[in-house]
Structures are given as C-alpha cells and as structure tokens.
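# Just need the structure, nothing else, for what follows:
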Amino acid sequence: MHSVAKYTNYYCWHLVSITLIAMCAGLIWPAYDPTQSGLAVMWVVIAALFCLWSLLLITSKKQPFLLMPQWSLFAVIAGLGLTGLFAG
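Residues are numbered from 1 along each chain as shown. Now for the predicted structure:
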C-alpha cells in the first residue's frame with residue numbers, strides 16, 4: 001500500500017477512535033449532570049448520522065452488511081442514547 005493511502009487510513013482510524021471516546025464522554029457526562037442533556041442530544045444525532053451514512057454507503061456500493069458492521073455500533077449508541085434521553 002502506498003504510504004499516502006496507508007497514513008490516511010491510519011489518520012482516519014485515530015480520528016474515529018477520538019470521536020468514539022468523545023462520544024462516550026459526551027453521553028456519560030449528562031447522565032451525571034442532567035443540565036448537560038444538549039450534549040447527549042448532539043452525540044445521539046451524530047451517532048444516528050454515522051449509522052445512516054454507513055447504511056447508505058453499504059447499500060450504494062452493494063457491500064455485505066456483515067463485512068462492514070460499523071453501522072451496528074452507531075445504531076446501538078444512538079438507540080441507547082435515545083433511551084437515556086427519554087427515560088430520564
């Protein structure tokens with residue numbers, strides 16, 4: 001693999017890792033401080049959009065859903081986040 005493609009993938013991998021850590025913090029914080037519910041709403045919307053984008057990409061490129069399971073992770077995050085927002 002060419003070094004530009006390799007390091008671009010490396011960079012994207014870490015951007016996603018940082019985003020998932022921020023998403024986790026952004027959903028835990030409002031659980032302890034309900035005045036921060038806007039933060040939870042933001043991350044639930046972002047998780048839902050990431051899920052939707054994954055599903056659109058998989059469908060448009062005719063890829064198997066099981067070989068590109070990222071959508072399921074974001075669907076779970078969005079679903080649990082919505083549950084937390086409306087259960088509290």
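# how close does His76 sit to Gly84?
One correction, residue 76 is Val, not His. From Val76 across to Gly84, the span is 12 Å (Cβ to Cβ, to the nearest Å). Every residue, glycine included, has its C-beta placed from N, CA and C.
# I meant Ile21, not that one.
Note on Ile21: its distance to Gly84, by Cβ to Cβ, is 18 Å.
# Over to Ala48?
Ala48 is 14 Å from Gly84, where distance means Cβ to Cβ.
# And Val76 and Gly84? Which one has more around it.
Gly84 (16 against 12; other Cβ atoms under 10 Å).
# so who does that one touch?
Listed by Cβ atoms under 8 Å, 6 or more residues apart in numbering, the contact set of Gly84 reads Leu27, Pro30, Ala31, Ala40.
# In the chain, which residue is most central in space?
Residue closest to the mean C-alpha point of the chain, counted by Cα atoms, centre = their mean, is Ala47 at 3.9 Å.
# you'd agree that one is up against Phe74?
Yes. Ala47 lies in contact with Phe74 (Cβ atoms under 8 Å); the separation is 4.7 Å.
# Extract the C-alpha trace of stretch 56-76 and format it as PDB.
The C-alpha coordinates for stretch 56-76 follow below in PDB (Å, rounded to 0.1, in the frame of the first residue of the first chain):
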ATOM      1  CA  LEU A  56     -26.200   4.400   2.600                       C
ATOM      2  CA  LEU A  57     -22.600   3.600   1.700                       C
ATOM      3  CA  ILE A  58     -23.000  -0.200   2.100                       C
ATOM      4  CA  THR A  59     -26.200  -0.100   0.100                       C
ATOM      5  CA  SER A  60     -24.900   2.100  -2.700                       C
ATOM      6  CA  LYS A  61     -21.700   0.100  -3.100                       C
ATOM      7  CA  LYS A  62     -23.500  -3.200  -2.800                       C
ATOM      8  CA  GLN A  63     -21.400  -4.400   0.100                       C
ATOM      9  CA  PRO A  64     -22.400  -7.100   2.600                       C
ATOM     10  CA  PHE A  65     -23.700  -5.700   5.800                       C
ATOM     11  CA  LEU A  66     -21.800  -8.200   7.900                       C
ATOM     12  CA  LEU A  67     -18.400  -7.300   6.400                       C
ATOM     13  CA  MET A  68     -19.000  -3.600   7.200                       C
ATOM     14  CA  PRO A  69     -20.600  -3.700  10.700                       C
ATOM     15  CA  GLN A  70     -19.800  -0.100  11.700                       C
ATOM     16  CA  TRP A  71     -23.500   0.800  11.200                       C
ATOM     17  CA  SER A  72     -24.500  -1.600  14.000                       C
ATOM     18  CA  LEU A  73     -22.200   0.100  16.600                       C
ATOM     19  CA  PHE A  74     -23.600   3.500  15.800                       C
ATOM     20  CA  ALA A  75     -27.200   2.200  15.800                       C
ATOM     21  CA  VAL A  76     -26.700   0.800  19.300                       C
END
